[in-house]
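# Starting from these lines, generate the structure:
(one chain, ligands or ions: 1)
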Amino acid sequence: MIDPRPVGPVGPVLCVVGARPNYMKMAPIVRALDRHVPPLAHLLVHTGQHYDKDMNDRLFEDLDLPRPDINLEVGSASHAVQTAEVMRRFEPVIDAHRPACVLVVGDVNSTLACALVAAKKAVPVVHVEAGLRSFDRTMPEEINRVLTDQISDLLFTTERTARDNLAREGVDPARACFVGNVMIDSLRAHLAHAVPAARTLARCGADAGLTEDAFGVVTLHRPSNVDSPGTLAPLLGVLAEASRRLPLAFAMHPRTRRNIEAFGLHDVLEDARIAVLPPQGYLEMLGLMSSARLVLTDSGGIQEETTALGVPCLTLRENTERPLTVEQGTNTIVGSDRALILRTVEEILGGGGKRGRVPELWDGHAASRIAERLHDWLAERAGARELACEVA
Ligand code: UD1
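Predicted structure coming up:
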């Protein structure tokens, strides 16, 4: 049974989440819409792209994200089927609620699917984290970013270069608004409640020689890194080598776990000082990252979180859509280059490595700026609509 919050004259803001990296972006936004004076009516729609306890439920609890008002329960499937299924199930939600706008975050399949349904129904689309580009169209997320931005009416950006990327693709810069980084709002709000790394490592039975003050953290899940044995095996090999210098806690995504099994790669990790952990909750991950000597990852969000925490990050990709983390933060792009990875680890352990600084407007208040601008924008649109009716 759906229990809609007070719906304004133009309908609620439909806030969409689908997968793990969406939750830390949406949590502060939902709170800011509630806190805004006057509050902005909204409904939280979960597409169900991520659904299990590790990937979903624990993050909702950690982030104090309210239970979704609507769950489309699409689950896992190929990109085409997953995207189509979200679209098919989201359309009746728009028909039922006649929203003022659909607000999507990030770059997952659910982001594009819901934006596309809304745009086709002439419902305004608001995209948070717009304009980031890796310029690598082999990444499914890059396709989702480019297409979502093309059909968005209001685009909130996390860094100033995003506006240039949008302008280059013909998006009117007047539709973009630089507000800072909502994911860092979540980080700042929850850091004080992070679960101490020692507790997480002990609870997960992490042996592998990990001590509280001398370990690194690993996450790996991009299809380009984990979907073929020819790429995954050497990457695991480099991690095993790096672990001889610094023991590693590897919070393993289900996709990566499944592929290690399918490709028979267990023995690559056998003698390594690597503790394999299940996907972690948000507060556990914050605790692990903030105590780590370094982080090795192919995640987008973690590049930003480590920059905000001042912890060195080695990005196991050939590019990043978040160049600010390299220019100003603690991020180094190392790809799958064995020598570069091992050299960078060595540098960091020797006291070198990037110190970085926190980028502009990554100050914990991005969501309030979004609520403010969104309120004014919706009011302007409502005013224009009334005027059009009077003239007619
Ligand atoms: C998705 C996003 C990616 C994001 C990542 C974070 C797209 C294109 N990709 O990738 O940008 O960084 O989420 O995790 O949207 N699975 C589970 N439990 C779940 C969800 C997934 O076990 O709750 C397994 C399933 O076997 C599934 C696989 O993980 O096939 C991949 O899930 P999917 O959502 O398709 O993509 P991700 O790789 O998680």
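# ok, Leu33 to Leu387 distance?
26 Å (C-beta to C-beta, to the nearest Å). Where C-beta positions appear, they are placed from N, C-alpha and C, glycine not excepted.
# Please disregard the earlier target; I meant Ala162.
Taken as C-beta to C-beta, the spacing of Ala162 relative to Leu387 amounts to 32 Å.
# Please apply the same query to Thr211.
Between Thr211 and Leu387 the distance is 66 Å, computed by C-beta to C-beta.
# ok, back up a step: neighbour-wise, which of Ala162 and Leu387 wins?
Set side by side, Ala162 and Leu387 give different neighbour counts by other C-beta atoms under 10 Å, the larger being at Ala162 (23 against 10).
# So for stretch 250-268, mean pLDDT?
Confidence over stretch 250-268 (mean pLDDT, whole number) is 97.
# Right, and the ligand sits closest to which residue of the stretch 151-300 of the chain?
Shortest the stretch 151-300 of the chain-to-the ligand distance, computed as C-beta to the nearest ligand atom: residue-wise this is Pro254, at 3.4 Å.
# What parts of the stretch 1-150 of the chain come near the ligand?
Near the ligand, the residues belonging to the stretch 1-150 of the chain are 19-21, 49-52, 55-56, 76, 107-109, 140-141 when assessed by C-beta under 6 Å from any ligand atom.
# Among those, which one is most surrounded by other residues?
Neighbour counts for those (other C-beta under 10 Å) peak at Asp107, which has 29 neighbours.
# how about that residue, what does it touch?
Asp107 makes contact with 129, 132, 141-142, 144-145, 148, 300 under the criterion C-beta atoms under 8 Å, 6 or more residues apart in numbering.
# Which of the residues you listed fall within strands?
Where the contacts of Asp107 are compared with strands, as defined by DSSP state E, there is no overlap at all.
# Redo those residues as a markdown table? Include pLDDT.
Rendered in a markdown table, the data for these read as follows (pLDDT from 0 to 100):
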| residue | pLDDT |
| --- | --- |
| Glu129 | 98 |
| Leu132 | 98 |
| Glu141 | 98 |
| Glu142 | 98 |
| Asn144 | 98 |
| Arg145 | 98 |
| Thr148 | 99 |
| Gly300 | 97 |
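# Out of the residues of the stretch 1-150 of the chain next to the ligand, which sit inside helices?
The subset of those located in helices under the criterion DSSP state H comprises 20-21, 109, 140-141.
# Show me what the helix or strand hosting Leu232 is packed up against.
Leu232 is part of helix 229-243 when elements are defined by DSSP states H and E. Here helix 229-243 is seen to pack against strand 216-219, helix 223-226, strand 248-251, helix 254-262, helix 266-270, strand 274-277, helix 338-349 when contacts are counted using 3 or more C-beta pairs under 8 Å, 6 or more residues apart in numbering; DSSP states H and E.
# For those, could you give me CSV that also reports mean neighbour count and distance to His190?
Putting the helices and strands packed on helix 229-243 into CSV (neighbours: other C-beta atoms under 10 Å; distance: least, C-beta to C-beta, whole Å) gives the following:
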stretch, mean neighbour count, distance to His190
strand 216-219, 26, 17
helix 223-226, 18, 28
strand 248-251, 26, 17
helix 254-262, 16, 24
helix 266-270, 13, 31
strand 274-277, 22, 19
helix 338-349, 17, 26
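# how about the strands in this protein?
According to DSSP E, the chain carries its strands in the segments 13-17, 42-46, 70-71, 101-105, 125-128, 154-157, 176-178, 216-219, 248-251, 274-277, 294-297, 313-315, 331-333.
# Out of the ones you listed, flag the one nearest Leu63.
If you check each of the strands of the chain against Leu63 by C-beta to C-beta, strand 13-17 wins as the nearest, at 10.4 Å.
# now the closest one, how far from the centre of its chain.
15 Å (C-alpha atoms, centre = their mean, to the nearest Å).
# what does stretch 323-338 give?
For stretch 323-338, the distance from its own C-alpha centre to the chain's C-alpha centre is 17 Å (C-alpha atoms, centre = their mean).
# Look at it and report the distance between its end residues.
Counting by C-alpha to C-alpha, to the nearest Å, the length from the leading to the trailing residue of stretch 323-338 is 22 Å.
# ditto for stretch 360-367
Using C-alpha to C-alpha, the two ends of stretch 360-367 sit 15 Å apart.
# While we're on Asp213, how confident is the model there?
Among the per-residue scores, Asp213 shows a pLDDT of 66.
# isn't Leu112 right next to Thr83, touching?
Yes. Here Leu112 lies in contact with Thr83, judged by C-beta atoms under 8 Å, at a distance of 6.6 Å.
# Between these two, which has more neighbouring residues?
A direct count of neighbours by other C-beta under 10 Å for Leu112 and Thr83 places Leu112 higher, at 26 against 23.
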